[in-house]
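Trainee: Return a 3D structure for these sequence lines:
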Amino acid sequence: MPPARPGETSPRPGWFARLGGSILFYTKLPLLPGWQPRFEGIAPLAPVVGLGLGLGLAAVDWALAQLGMPTLTRSALVIGLGVWVTGGLHLDGAMDTADGLAVMDPQRRLAVMADSHSGAFGVMAAIAILGLKTLALAELTSGRGWVLVAAMVWGRWGQVVAIARYPYLRAGGKGALHREHLRPQDWLLGVALALGLHGLWLGRQPGQILPVGISLAGGLVLAWAVGAWLNRRLGGHTGDTYGATVEWIETLLLCLATLA
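Mentor: Numbering: from 1, shown residues only. Model (predicted):
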């Protein structure tokens, strides 16, 4: 790649290098030998990582079901495995965001969110997220794998929407890299992936029009609404609120899917 001119940002690397960077950034998974990752412009590929994670967790859930494990137990294991594979990255952001939002003084919120120590509201947020995810997944008697994959794709697409639409509040934060290398059309990849997933779901299981419709409409609405709500409360976003956006979209979409 040619070097950047003075005053310009460096050009983005190829998608394969960025995919490697997104896997390393968003998960604890190792890369294949010889895969050279780059981190500029990885945010648009987050839904692709979500697709891979969702498929892996759905496969684990299916395998545990074949072994006869009770629904609630395997639901808890699948949700816990998801936290482990991501290194708790998004959950940590949701906890820090909850601590920040609990502060009455808006001027102190970012400082509280930057504190590495978890407060009472952060702990409560983690309990709520993990508990609701586990119980909602356990309530799904059919289409569990599809809903799980859809939730992980929509959650990460919601993060891309938040990065693209709202200002970033910390110039030196890790999330600044995402916004710096984002292009206006980058949000299209995630929504195309989600639409294709729901089309495949309906094609494989034509009788599940209602759950597919709820997942599709709910995912679209939540992907916009969660980021917008956090922006309204804080006046912008940080890396922590990006994580919170992912977690709450996943949680609320799983809960919404129980209506079907």
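Trainee: Which of the helices and strands in the chain ranks last by mean pLDDT?
Mentor: Every helix and strand in the chain was compared by mean pLDDT, DSSP states H and E; the lowest is helix 176-180, with a mean of 74.
Trainee: Quick check: buried residues in it?
Mentor: Neighbour counts over helix 176-180 (16 or more other C-beta atoms under 10 Å) mark 177-179 as buried. Just so you know, the C-beta spots here come from the backbone N, C-alpha and C atoms, and that holds for glycine as well.
Trainee: again, but for stretch 205-215
Mentor: Judged by neighbour count (16+ other C-beta under 10 Å), stretch 205-215 contains these buried residues: 208, 211-212, 214-215.
Trainee: of these, closest to residue 53?
Mentor: Proximity of the buried residues of stretch 205-215 to residue 53, judged by C-beta to C-beta, is greatest for residue 215, which lies at 16.8 Å.
Trainee: and stretch 242-255, average pLDDT?
Mentor: Taken as a whole, stretch 242-255 has a mean pLDDT of 97.
Trainee: Could you check how far residue 76 is from residue 133?
Mentor: Applying C-beta to C-beta, to the nearest Å, the value for residue 76 to residue 133 is 9 Å.
Trainee: These two: who's more crowded?
Mentor: For the pair residue 76 and residue 133, the greater number of neighbours falls to residue 133 (26 against 18), based on other C-beta atoms under 10 Å.
Trainee: And for residue 96, the neighbour number?
Mentor: By other C-beta under 10 Å, neighbour count at residue 96 equals 27.
Trainee: Contacts only, for it.
Mentor: By C-beta atoms under 8 Å, 6 or more residues apart in numbering, the contact set of residue 96 is 112-115, 118, 122, 240, 243-244.
Trainee: same deal with residue 42?
Mentor: Contacts of residue 42 by C-beta under 8 Å, 6+ apart are 18-19, 21-22, 25-26, 178.
Trainee: Surely residue 169 touches residue 233?
Mentor: No: at 11.7 Å, residue 169 does not count as touching residue 233 under the criterion of C-beta atoms under 8 Å.
Trainee: what's the closest residue to residue 12 other than its chain neighbours sitting at in phi/psi?
Mentor: Counting by C-beta to C-beta, 6 or more residues apart in numbering, residue 12 lies nearest to residue 41, which is 4.0 Å off, once chain neighbours are set aside. Dihedral pair for residue 41: phi 80, psi 30, per degrees, to the nearest 10.
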